[in-house]
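K.L.:
The sequence and its predicted three-dimensional model are supplied below.
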Amino acid sequence: MSTHRRYLEVQFHTYFPGGEPEGYVEAPGRVNLIGEHIDYHGLPVLPVAINKKIRIAFRTRTDSRICVRNDSNRFEPRDFDWTTELTSLAPGDWGNYLLAAANAIGARCGVLQGIDALVMGDIPVAGGLSSSSALITAFTLALLRANRIHASFEVLMEILPEGEQFVGTRGGGMDHAAALAGRRGCALEISWNPLQIRHIQIPEGWSFLAAPSLKAAEKSAALREKYNSRRTAGERALAKVGFPSYAELFAKHTAKEIVRMTIPDGAERRSFTHVVGEANRVRTAVDAMEKNNLHAFANAMNESHASLRDNLQVSCPEMDHLVECARRAGAPGARLTGAGFGGHAVILANSEDMPYIRQRLIGSFYPGKKNFDPDLHLLDVKADNGALED
Ligand code: GLA
């Protein structure tokens, strides 16, 4: 039994006296290597699940009440009656993800038995590493398992991305797919319609580092509308060129023809340029990973960052500076990962060069940054198993 699980089970008695936890689930966060802001347009992406997770110990109740405690005092207890008419709490409240899970299952299976649950997590919060999707994924699994319902990957993928929209962010399914189907040592090429996962071995000698920009990226709160507006701009652009989906656009036209399509200048044109360019970069990156061509992969990452900064405009000065420092420190590739507006950068280098790059980055980007602890906050990305792989 893992030490985390043991710890949670011992703590459980403090929060819920009398009775043992009956079940345990965990779901990882993710670092997206490339393919940003295109999952919700149905285009392939390439994340890894990481060894930072949301972990939940739970026991089934005899009624339909849901009582949740968090072992961090940053997150207050959240208790509610499970009904089919749940309403959300204030934007940014962690309870919204618990409600979202109950709401999504309720819509599909009706109201079931509730749970007492103790949650613990070590995924940085508001860091673009998908702590929120890991929470909704883990909590959904806890509710289902407490009610002895087995759901396949495909069924969970019908429930989760849609379910998270309860929180108000119109994201795609990348984070949930990674949280469920990640595999140790592998990146996941995720394609949609039909949903398919291809595990790609990360070549030996490649190292990825996730480094915080130290700017919070809380996409369920103030950033919600900014995030959603990028999606709608991309959808409007697609309508202007007369296609129902980006997949069909790519099926009918070459990359060159697509680049020449006319959309008036503005947010729609810039979104379109990002989406079609990023889709091409994912293809290049997958090919580079399979051929063990680190420099080609790194170039695609660098181009991705430039497009997120200039076309989609989801970066920020702190992130641009961090990416710049990583490259000056000698990293062949660096880009923002996740929704943007802050959060983490993902940095690629040869494993033997990474310790030196790390040191130089600490000396260039982080001096004077209060509360920054390199041992705690610079994360070696170790591709790990998802919730269904363990
Ligand atoms: C968030 C969303 C994902 C994806 C990324 C950007 O993490 O949850 O679905 O859109 O942003 O690539």
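P.N.:
That came through fine.

K.L.:
C-terminal to the host helix or strand of residue 207, what's the next element?
P.N.:
Per DSSP states H and E, residue 207 falls inside strand 206-212. On the C-terminal side of strand 206-212, the closest following helix or strand by DSSP H and E is helix 224-240.

K.L.:
Can I get the strand holding residue 207 as PDB, trimmed to CA atoms?
P.N.:
Extracted in PDB, the C-alpha atoms of strand 206-212 (Å, rounded to 0.1, in the frame of the first residue of the first chain):
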ATOM      1  CA  TRP A 206      14.900  13.400 -22.700                       C
ATOM      2  CA  SER A 207      14.000  15.300 -19.600                       C
ATOM      3  CA  PHE A 208      11.000  17.600 -19.100                       C
ATOM      4  CA  LEU A 209      10.900  20.100 -16.300                       C
ATOM      5  CA  ALA A 210       7.800  22.000 -15.200                       C
ATOM      6  CA  ALA A 211       8.700  25.500 -13.800                       C
ATOM      7  CA  PRO A 212       6.200  27.900 -12.200                       C
END
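
K.L.:
right, quick check: it against the ligand, any contact?
P.N.:
No: Strand 206-212 lies out of reach of the ligand by Cβ under 6 Å from any ligand atom, never closer than 13.7 Å. Just so you know, the C-beta spots here come from the backbone N, C-alpha and C atoms, and that holds for glycine as well.

K.L.:
can you check stretch 89-109 too?
P.N.:
No: Stretch 89-109 is not in contact with the ligand by Cβ under 6 Å from any ligand atom; minimum separation 12.0 Å.

K.L.:
what sits against residue 234?
P.N.:
Under the criterion of Cβ atoms under 8 Å, 6 or more residues apart in numbering, the neighbours of residue 234 are 37, 41, 268, 271-272, 274-275.

K.L.:
Got a quick PyMOL command for the buried subset of those?
P.N.:
PyMOL command restricting the contacts of residue 234 to the buried ones, with burial defined by 16 or more other Cβ atoms under 10 Å:
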select buried, resi 37+41+268+271+272+274+275
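
K.L.:
Could you export the contacts of residue 234 as JSON lines, including secondary structure, pLDDT and distance to the ligand?
P.N.:
Formatted as JSON lines, the contacts of residue 234 follow (DSSP: H, G, I helix; E, B strand; the rest coil; pLDDT from 0 to 100; distance: Cβ to the nearest ligand atom, whole Å):
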{"residue": "37", "secondary structure": "coil", "pLDDT": "98", "distance to the ligand": "5"}
{"residue": "41", "secondary structure": "helix", "pLDDT": "98", "distance to the ligand": "9"}
{"residue": "268", "secondary structure": "helix", "pLDDT": "96", "distance to the ligand": "18"}
{"residue": "271", "secondary structure": "helix", "pLDDT": "97", "distance to the ligand": "13"}
{"residue": "272", "secondary structure": "helix", "pLDDT": "97", "distance to the ligand": "16"}
{"residue": "274", "secondary structure": "helix", "pLDDT": "97", "distance to the ligand": "11"}
{"residue": "275", "secondary structure": "helix", "pLDDT": "97", "distance to the ligand": "11"}
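
K.L.:
Same list (the contacts of residue 234) but as JSON lines, adding distance to residue 312.
P.N.:
What follows is these, written out as JSON lines (distance: Cβ to Cβ, whole Å):
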{"residue": "37", "distance to residue 312": "6"}
{"residue": "41", "distance to residue 312": "12"}
{"residue": "268", "distance to residue 312": "11"}
{"residue": "271", "distance to residue 312": "6"}
{"residue": "272", "distance to residue 312": "10"}
{"residue": "274", "distance to residue 312": "4"}
{"residue": "275", "distance to residue 312": "8"}
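
K.L.:
how about the contacts of residue 234, which pair is most distant?
P.N.:
The distance between the two most remote of those (Cβ to Cβ) is 14.0 Å, for 37 and 268.

K.L.:
so who does the residue nearest to residue 377 when sequence neighbours are not counted touch?
P.N.:
Distances taken as Cβ to Cβ, 6 or more residues apart in numbering place residue 212 nearest to residue 377, at 5.4 Å, with adjacent residues excluded. Contacts for residue 212 (Cβ under 8 Å, 6+ apart) come out as 124, 127, 343-344, 372, 377-378.

K.L.:
Looking at stretch 79-93 now, give me its mean pLDDT.
P.N.:
The average pLDDT for stretch 79-93 rounds to 94.

K.L.:
what separates it from the chain centre, distance-wise?
P.N.:
Relative to its parent chain, stretch 79-93 has a centroid offset of 23 Å by Cα atoms, centre = their mean, to the nearest Å.

K.L.:
Give me the contact list for that stretch.
P.N.:
Defining contact as Cβ under 8 Å, 6+ apart, one finds that stretch 79-93 is touched by 64-68, 78, 95-96, 98-100, 102-103, 106-107, 110-112, 114, 166-168, 218, 220-222, 224.

K.L.:
buried sites along it?
P.N.:
Within stretch 79-93, the residues that count as buried by 16+ other Cβ under 10 Å are 80, 82, 86, 93.

K.L.:
Perfect, that will be all.
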